[in-house]
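Trainee: Show me how the following folds:
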Amino acid sequence: MTFQVTIETSGHRFPVESGETILQAALRHSIGLPYGCRNGSCGSCIARLVSGEVHYPDGQPDALDGPQDTPDQVVICQAEPLSDLLISVREVEAERDVIIKTLPCRAEQLNRLSHDVMQVLLKLPDTERLQFLAGQYIEFILRDGRRRAFSIANAPHRDEYLELHIRHVPGGSFTGHVFDEMKNKALLRIEGPLGSFYLREDSPRPVLMMAGGTGVAPLKGILEHAFYIGFDRPIHLFWGVRAKQDLYMDELPRKWQEQYPHFSYTPVLSDPATQDHWEGATGLVTDALLAHYPELVAYDIYMSGPPAMIEAATPQFVSHGAQPEHMYSDAFEFAQDVLDKIKRTQQGG
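Mentor: Predicted coordinates for the structure are as follows:
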């Protein structure tokens, strides 16, 4: 049986299916509600039940055991509706609403995806969850105070682990440690979520995505989120790597292309090996995108990858009509410097 939940403060409404919690349904319909542990312990997701009735299939959550709890409080990560509901709760609408945390975690699994890319699945303490927007990143805080940033490669609705794609950088002390020394269950410390690289869901514009190397990681998270919420605007992903062996998750976007009619995928090899027998696009991923879309004025553009790629692509895309306010990058600060240079050039400065 399906019930409707209405948020009093905004008027947003969404259906909750039988066996589904309020929070699960809200995330499925891209309604950003606050949460923490997702197991009913922390109280971060408590809302006020204005009207309606709920139940807790696994018993009353621990978050309702405090002396200041009131009968109208509802723990939305555990509560399932028994009727239509009206609730009062703060909504998470953008990165400014997401709480940045410093947390311990464990490298629960290390899976080699290719010769130089490691998938690292981070497990937070049982009482914690990291609420994030698809496309954001976390920073490892190393023992000497240094930090290393990596994008989150999974979508928020699938947050049992934080998925990272770490490429082995020759001479890199941290990535060398990940590949040569780190073991499963290794204890780490992170801060996040960080960044303004996330899907602008309220835009009516079609979407172009360009990734270089492991820059596909945050785009993977954004795409998983987009498919999950039923985002139906056209999306075209261009993924540039050196050779075929570097397309470490090539089967995933190919599967999406078959599954979702509005999604297209173009892998691009800059230096394919003879044994690749490659018949697809070659050269620079930027050129491949422009060959398909020489006029960019109507598009939202998401770029993720090496800063040099974004630095080179930004003025090219602007010269083809792309509007800076509709260009987003996980190297945002660096890209903003490029945009400032473009504006000064256009102004004769």
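Trainee: all contacts plus neighbour counts: C-alpha atoms, from now on.
Mentor: Will do.
Trainee: How far does stretch 198-217 sit from its chain's centre?
Mentor: Distance of stretch 198-217 from its chain centroid, counting by Cα atoms, centre = their mean, to the nearest Å, is 10 Å.
Trainee: same question, stretch 314-322
Mentor: In terms of Cα atoms, centre = their mean, the centre of stretch 314-322 is found 25 Å from the chain centre.
Trainee: Buried residues of that stretch, list them for me.
Mentor: Within stretch 314-322, the residues scored as buried using 16 or more other Cα atoms under 10 Å are 314-315, 317-318, 322.
Trainee: what's around Ser151, how many residues?
Mentor: By the criterion of other Cα atoms under 10 Å, Ser151 has 29 neighbours.
Trainee: Nearest spatial neighbour of it, chain-adjacent residues omitted?
Mentor: Closest residue in space to Ser151, ignoring its immediate chain neighbours: Tyr137 at 3.9 Å, by Cα to Cα, 6 or more residues apart in numbering.
Trainee: Is that neighbour bridged to anything, and to what?
Mentor: Ser151, Leu194 (DSSP bridges).
Trainee: and for stretch 197-216, what are the contacting residues?
Mentor: Applying Cα atoms under 8 Å, 6 or more residues apart in numbering, the contact partners of stretch 197-216 are 117, 133-136, 165-167, 219, 222, 226, 231, 233-241, 246-247, 285-286, 289, 298-306, 309, 328-330, 332.
Trainee: any idea how far that stretch is from the chain center?
Mentor: 10 Å.
Trainee: Could you tell me how far Ile301 is located from Lys183?
Mentor: As for Ile301, its distance to Lys183 is 38 Å (criterion: Cα to Cα, to the nearest Å).
Trainee: Same check on Ile141?
Mentor: Using Cα to Cα, one gets 18 Å for the distance from Ile141 to Lys183.
Trainee: more crowded one of the two?
Mentor: Taking neighbours as other Cα under 10 Å, Ile141 and Lys183 compare with Ile141 leading, 18 against 15.
Trainee: Backbone dihedrals for the closest residue to that one other than its chain neighbours, please?
Mentor: In space, and not counting its chain neighbours, Ile141 is closest to Arg147: 4.8 Å by Cα to Cα, 6+ apart. Dihedral pair for Arg147: phi -130, psi 150, per degrees, to the nearest 10.
Trainee: Which parts of the stretch 1-150 of the chain are helices?
Mentor: Ranges of helices in the stretch 1-150 of the chain, per DSSP state H, counting those that start in this stretch, are 22-28.
Trainee: What segments of it are strands?
Mentor: All strands of the stretch 1-150 of the chain, identified by DSSP state E, counting those that start in this stretch, fall at 3-7, 13-16, 46-51, 54-55, 73-75, 80-81, 85-88, 101-112, 117-123, 137-141, 147-151.
Trainee: And the spatially most central residue of the chain, what's its pLDDT?
Mentor: For the chain, the residue nearest the mean C-alpha position is Ala134 (2.0 Å; Cα atoms, centre = their mean). Predicted confidence (pLDDT) for Ala134: 93.
Trainee: shouldn't it be in contact with Ala226?
Mentor: No: judged on Cα atoms under 8 Å, Ala134 makes no contact with Ala226 at a distance of 9.0 Å.
Trainee: buried residues in stretch 84-94?
Mentor: 84-92.
Trainee: In JSON lines: the residues you listed, plus distance to Leu110 and pLDDT.
Mentor: Output for the buried residues of stretch 84-94, formatted as JSON lines (distance: Cα to Cα, whole Å; pLDDT from 0 to 100):
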{"residue": "Asp84", "distance to Leu110": "44", "pLDDT": "97"}
{"residue": "Leu85", "distance to Leu110": "42", "pLDDT": "97"}
{"residue": "Leu86", "distance to Leu110": "43", "pLDDT": "96"}
{"residue": "Ile87", "distance to Leu110": "41", "pLDDT": "95"}
{"residue": "Ser88", "distance to Leu110": "41", "pLDDT": "92"}
{"residue": "Val89", "distance to Leu110": "38", "pLDDT": "88"}
{"residue": "Arg90", "distance to Leu110": "36", "pLDDT": "77"}
{"residue": "Glu91", "distance to Leu110": "34", "pLDDT": "77"}
{"residue": "Val92", "distance to Leu110": "32", "pLDDT": "70"}
